[in-house]
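Student: predicted structure and sequence below. I'll ask about it afterward.
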Amino acid sequence: MAYHFDFLSTFDYTDVLVKGVLTTIELIAVGGVIGIAVGIFGAWARTQGPRWLKPIVSAYVELIRNTPFLVQLFFIFFGLPSLGIQISEMQAAILTMVINLGAYSTEIIRAGVNAISRGQMEAALSLSMSRIQAFRHIILRPALQKIWPALSSQIVIVMLGSAVCSQIAVEELSFAANFIQGRNFRAFEAYLVATAVYLLMAILLRQFLRLIGDKFIFARRAS
């Protein structure tokens, strides 16, 4: 029997799709910014931080990088309330994305930091800068320049991974697709539209991150 496509029944739920897209954007916007901040701190801790902090950050990185994102999400959403810590679905999703991206970006940024000549740090210290000041003003920018494409790709991966947040009823894009196919029973059309939207969002996010890099990372400082 020939299959008759009916995309109109999917676009009858445009408001649900829009809400899903906006929720996905909110997840990656908040999770991405804080996750990168965590990654910068982690890279500093592993390369310049005090000796006692390095094994703690290393254990965090290894734990997160070697466990599934979905398990991390379930642990935070279902596990923390068992300890008396109440958390909403959205908060659990954002926290999981921050923790996940923070671990991966720690290693990516650390690779960039290790690629910078030690002479730059020594020169900064000779100018009476603290190690934190030297890291912030001398090391971080050229390190980010070296790893920005890899870091951008990781942010996109985390955005796509946010699809599993529908498992705890976060109303992002994949939740919207599930909702629509449950109403019109047009799974092929609903998931094809969701796939196309994810593809478009990934392309736009890469372009946005490229612009951010050109403006703030690769742009030359005014003399």
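Tutor: Nice, I can see it.

Student: got a list of contacts for stretch 90-105?
Tutor: Outside stretch 90-105, the residues that touch it by Cβ atoms under 8 Å, 6 or more residues apart in numbering are 23, 26-28, 30-32, 34-40, 42-43, 60-61, 63-65, 69, 72-73, 76-77, 80, 87, 151, 154-155, 158, 161-162, 165, 168, 170, 172. C-beta coordinates here come from the backbone N, C-alpha and C atoms, glycine included.

Student: swap in 7 Å and give it another go.
Tutor: 27, 30-32, 34-36, 38-39, 42, 60-61, 64-65, 69, 72-73, 76-77, 151, 154-155, 158, 162, 165, 168, 170 (Cβ atoms under 7 Å, 6 or more residues apart in numbering).

Student: now do the buried residues in the helix or strand of the chain with the lowest mean pLDDT.
Tutor: Least confident helix or strand of the chain, by mean pLDDT, DSSP states H and E, is helix 118-126 with a mean of 83. For helix 118-126, burial by neighbour count (16 or more other Cβ atoms under 10 Å) applies to 121, 124.

Student: next one: stretch 130-137
Tutor: So, applying 16+ other Cβ under 10 Å, buried residues of stretch 130-137: 131, 134-135.

Student: now stretch 172-184
Tutor: Quick answer for stretch 172-184 (16+ other Cβ under 10 Å): 172-181, 184.

Student: lowest-confidence one in these?
Tutor: Scanning the buried residues of stretch 172-184 for pLDDT, the smallest score is found at Asn184, 92.

Student: so is the closest residue to it other than its chain neighbours in a helix, a strand, or just coil?
Tutor: Distance criterion Cβ to Cβ, 6 or more residues apart in numbering; nearest residue to Asn184, sequence neighbours excluded, is Ser9 at 4.4 Å. Recorded secondary structure, Ser9: helix (DSSP: H, G, I helix; E, B strand; the rest coil).

Student: just give me the neighbour total for Ser9.
Tutor: By other Cβ atoms under 10 Å, the residues close to Ser9 number 16.
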